[in-house]
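Peer 1: show me how the following folds:
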Amino acid sequence: MTQIPRYIILLVVLVVAEGSLSAQPKIIDRVVAVVGDNMILQSDIENLYLQYRAQGQDVDEDIRCSILEEFLSQKLLINQAKIDSIEVSESQVEIQLDGRLQYFIDQIGSQEKLEKYFNKSIYEIKDDLREVIRDQLITNQMQSEITGKVRVTPSEVKQLYNSLDEDSIPFIDSQIEISQIALYPKISEEAIYEVKQKLLELRKRIMDGESFSTLAVLYSEDPSSAPKGGEIDYVGRAELDPEYTKAAFSLKKNGISTIVESSFGFHLIQLIDRQDERVKTRHILLIPKPDPLVLQKTIDRLDSIADGIRKDSITFEKAARYFSEDVQTNVNGGLRINPLTNTTRFEMDELAPAEYLSLKDMEVGEISQPLESKDDKGKMVYKIIKINNRTKPHRANLKEDYMVLQDMALQKKKDTVFHEWLLEKIVSTHVQIDDSYKGCPFNYRGWVH
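Peer 2: Take a look at the predicted model:
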């Protein structure tokens, strides 16, 4: 059997007894708890128990009690969401479902391997997951209603920090703050013409009967979709480039677009299927390449800008505002924001490989040599980067790591608010637990009246 990474097993909360866990004893199902109108089955607990074991976790005799309490809390949120008329749309569920399945497929290698592993078709797996994901979305939304307005003050952050023993204070790896000046090599009309001619040739081959998928594998320059025959699973309008969206939604099923220009490059698009305001497509992307002489001119210009900065003819910040073509950073004097943390700090392994190699041995205040990179659209860009600051590995402190400690304090306060809500709702909600679980060492004794 194909090996699947252990951590995926926990993410797939499915009834898989007849699939990958078929060697386990069959579960004689029964209702073990009721919260409001929501039932919890013995099979729910046993399947999650088996998944914990499959992950290699140590499981003690109380693990089923802990699992039951997780389900009790979830069902309490779902029950309250129903009372408060909190719902999620089918499109929200489908978007999350498609994203989750694509993640599983990417990890295990292919849709066929995933189907083989669970001994189910992709449609059966989707059916098993759909209600689970709907419940997750509802519980997340309900929990957001409870804790979404919680805030912390600076004094609360300081109070938390002062209450932590040394081992509880987060350890912060070395981080850097960087600024950049980025230039895009100019694309000639000839290069654009060549790409369009190539796409016209490919479109003719498709219309003459050749496989779109095969040609996408051979020629498309979209690294994420090309290995899958150019396929992009169901997505909504807001998730696509506007020009791609306009073309995709105007096609009939299996229709082939004319050449479409987007912020990523030039495409041929085929509509595979449409479900309301979501489309499943495949595409071939070609990106015009700059002439080698243009690349060298771009590098020479960056060298000239860097030389002026090193000679104090202009500051890096002012040069970024005047010369950088990256609209996300030039207004900030070139200062980069880490999209993962929304702060100005990066750990070295969060940088693109070319940036890592260029910056790893540089000192604070130094400016890199021009380097080639890709922007968030996959387009070629050349840049010079300055290291503004570099921290040493250390325990978090209020001066350097306030945002980290603020997040800790906020999460702790949210946990407190949620726990207080939970205690109140346990008392006011109909909760019934089977006698076999009434001796469980629950965190909230109120479950058992």
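Peer 1: list the buried residues in stretch 425-435.
Peer 2: Neighbour counts using 16 or more other CB atoms under 10 Å place Lys425, Ile426, Val431, Ile433 of stretch 425-435 among the buried residues. The C-beta positions use only the backbone N, C-alpha and C, and glycine is treated the same way.
Peer 1: and the closest residue to the third one other than its chain neighbours, what are its bridge partners?
Peer 2: This means Val431. For Val431, ignoring the flanking residues on the chain, the nearest one in space by CB to CB, 6 or more residues apart in numbering is Val35 at 5.4 Å. On the basis of DSSP bridges, Val35 is bridged to Asn38, Val431.
Peer 1: ok, and what's touching stretch 146-162?
Peer 2: Stretch 146-162 is contacted from outside by 169, 396-398, 402, 405-406, 408-410, 412-414, 417-418, 421, using CB atoms under 8 Å, 6 or more residues apart in numbering.
Peer 1: for the residue nearest to Val431, list the residues it contacts.
Peer 2: Leu72, Lys75, Leu76, Ile78, Asn79, Thr429, His430, Val431.
Peer 1: can you redo those residues as TSV with distance to Arg130 and secondary structure?
Peer 2: Formatted as TSV, the contacts of Val35 follow (distance: CB to CB, whole Å; DSSP: H, G, I helix; E, B strand; the rest coil):
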residue	distance to Arg130	secondary structure
Leu72	22	helix
Lys75	18	helix
Leu76	22	helix
Ile78	15	helix
Asn79	20	helix
Thr429	26	coil
His430	27	coil
Val431	26	strand
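Peer 1: show me which of these is closest to Glu190.
Peer 2: Within the contacts of Val35, the smallest distance to Glu190 is 60.2 Å, found for Ile78 (CB to CB).
Peer 1: and the gap between the closest one and Leu137?
Peer 2: Distance of Ile78 to Leu137, given as CB to CB, to the nearest Å: 11 Å.
Peer 1: returning to what we had before: can you add pLDDT, secondary structure and distance to Glu231 and give the buried residues of stretch 425-435 back as CSV?
Peer 2: Below are these laid out as CSV (pLDDT from 0 to 100; DSSP: H, G, I helix; E, B strand; the rest coil; distance: CB to CB, whole Å):
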residue, pLDDT, secondary structure, distance to Glu231
Lys425, 93, helix, 44
Ile426, 93, helix, 47
Val431, 93, strand, 46
Ile433, 94, strand, 47
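Peer 1: for those, which one is nearest Ser91?
Peer 2: Lys425 (29.4 Å).
Peer 1: out of the contacts of stretch 146-162, which are buried?
Peer 2: Listed as buried from the contacts of stretch 146-162 are Ile169, Ala396, Leu405, Gln406, Met408, Ala409, Leu410, Lys413, Lys414, Phe418, Trp421; burial here means 16+ other CB under 10 Å.
Peer 1: with secondary structure added, can I get the residues you listed in CSV?
Peer 2: CSV is the format used below for the buried ones among the contacts of stretch 146-162 (DSSP: H, G, I helix; E, B strand; the rest coil):
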residue, secondary structure
Ile169, coil
Ala396, coil
Leu405, helix
Gln406, helix
Met408, helix
Ala409, helix
Leu410, helix
Lys413, helix
Lys414, helix
Phe418, helix
Trp421, helix
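Peer 1: so which bits of the strand or helix carrying Ser304 are buried?
Peer 2: Using DSSP states H and E, Ser304 sits within helix 292-310. For helix 292-310, a neighbour-count test (16+ other CB under 10 Å) marks Leu295, Thr298, Ile299, Leu302, Ile305, Ala306, Ile309 as buried.
Peer 1: mind checking how far the last one is from Lys360?
Peer 2: For Ile309, the distance to Lys360 under the criterion CB to CB works out to 21 Å.
Peer 1: closest one of the contacts of stretch 146-162 to Phe323?
Peer 2: So of the contacts of stretch 146-162, ranked by how close each gets to Phe323 (CB to CB), first place is Tyr402, at 32.9 Å.
Peer 1: can you pull the contacts of that closest one?
Peer 2: Listed by CB under 8 Å, 6+ apart, the contact partners of Tyr402 are Val157.
Peer 1: show me where pLDDT drops low in the stretch 1-150 of the chain?
Peer 2: 1-28, 54-57 (pLDDT under 70).
Peer 1: how about the strands in it?
Peer 2: 31-35, 38-41 (DSSP state E, counting those that start in this stretch).
Peer 1: in TSV: the ones you listed, plus distance to Asn162.
Peer 2: Listed next are the strands of the stretch 1-150 of the chain as TSV, based on distance: least, CB to CB, whole Å:
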stretch	distance to Asn162
strand 31-35	39
strand 38-41	41
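Peer 1: among these, which is the most enclosed?
Peer 2: Across these, averaging neighbours per residue (mean count of other CB atoms under 10 Å) puts strand 31-35 on top, at a mean of 19.
Peer 1: what about Asn119, how many residues nearby?
Peer 2: 14 (other CB atoms under 10 Å).
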